[in-house]
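J.: here is a sequence with its predicted model. Questions after.
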Amino acid sequence: MKKKPKIGLALGSGAARGLAHIGVLKALTENNIEVDYVAGSSAGALIGSVFCCGIDPYTIEKIAVQLDRKIWVDLTVPRRGFIKGEKVEEMIRLLTRSRNIEDLEKGLAVVATDLKTADSYIFTEGPIYKAVRASISIPGVFVPVRYKDMVLVDGGVIDRVPATVVKDMGADIVIAVDVGFTTEQKRINHIFDVILQSIDVMGKQILSNSIIHADVVIKPPVSHIPPSRFDLVEECDEIGYKAALEKIDDIKKMIAEFEN
């Protein structure tokens, strides 16, 4: 009997550019490539967790298109961050139906960064919405999450594309999706873009050490998308879809070779 390989998906951070992950998931779904494990940082954690809860990528796109920015942005006095995060946490809780990571059929790991130790913290159990809220806490934008004795912020600060994490989860084939830094950056429009782009640049060197654990790397060309433009859902989705389709034959070949 042929052994089916375990497929792992590492979804990277990238703020609005992370919407391209939806298109990647569409392409994989349409080509019957079943994902067994997902590890995500920041935007990748958000989209990956909703997907692991059984919501198909087409529905995820519809939800993303219909979301009003006012639903999830709750501004606060910028002592530790502009956005308190209570609204987005509630939104994630509703989307994931208050489920715990350990109760999912697919394996899920959510990556955050502990400011106290400068180490990554990987959520593999507990409420999904709490883990994702920590992973998307862009420093200076969202108020950090205090968890146990840690102060947690965006997972992309230290592990932009968590390929190593999904490999350690047991994946035989690791597909990494990088929607972050490129050398063709466009105009920086406001403070959010400055902060997000700074994190992206800092994570570039760290990424080179992690991405070597990926068997396939999908890099949707989203450098022209300002990281704060969460309204460009359809465009990011289409770019991610096309980029993934270009790698489908490679993925299917790896699966076939593993089975043989």
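T.: On my side now, so go ahead. Numbers count the residues shown, from 1 in each chain.

J.: so which residue is dead centre in the chain?
T.: residue 44 (0.6 Å; Cα atoms, centre = their mean).

J.: report the buried residues of the helix or strand hosting residue 25.
T.: Element membership for residue 25, per DSSP states H and E: helix 20-30. By 16 or more other Cβ atoms under 10 Å, the buried positions in helix 20-30 come out as 20, 21, 22, 23, 24, 25, 26, 27, 28. (Each C-beta comes from the backbone N, C-alpha and C, glycine too.)

J.: ok, now how distant is the residue nearest to the centre of the chain from residue 179?
T.: Separation of residue 44 from residue 179 (Cβ to Cβ, to the nearest Å): 8 Å.

J.: and residue 49, which helix or strand is it part of?
T.: helix 43-52.

J.: now swap in residue 256 and tell me
T.: With DSSP H and E as the criterion, residue 256 is inside helix 233-259.

J.: so which elements touch that helix?
T.: Counting contacts by 3 or more Cβ pairs under 8 Å, 6 or more residues apart in numbering; DSSP states H and E, helix 233-259 packs against helix 20-30, helix 57-66, strand 173-177, strand 216-218.

J.: what about 6 Å?
T.: In terms of contacts (3 or more Cβ pairs under 6 Å, 6 or more residues apart in numbering; DSSP states H and E), helix 233-259 is packed against helix 20-30, helix 57-66, strand 216-218.

J.: show me what counts as buried in the shortest one.
T.: Counting neighbours by 16+ other Cβ under 10 Å, one finds that the buried residues in strand 216-218 are 216, 217, 218.

J.: joint contacts of residue 44 and residue 179?
T.: Taking Cβ atoms under 6 Å, 6 or more residues apart in numbering as the contact rule, residue 44 and residue 179 both touch 12, 18.

J.: leaving out chain neighbours, which residue sits closest to residue 47?
T.: In this structure, residue 47 finds its nearest non-sequential neighbour in residue 21, 4.5 Å apart by Cβ to Cβ, 6 or more residues apart in numbering.

J.: got it, and residue 46?
T.: Nearest non-adjacent residue to residue 46, counting by Cβ to Cβ, 6+ apart: residue 132, 5.4 Å away.

J.: please tell me I have it right and the one you found contacts residue 50.
T.: No. Contact criterion Cβ atoms under 6 Å: residue 132 and residue 50 do not qualify, at 8.8 Å.
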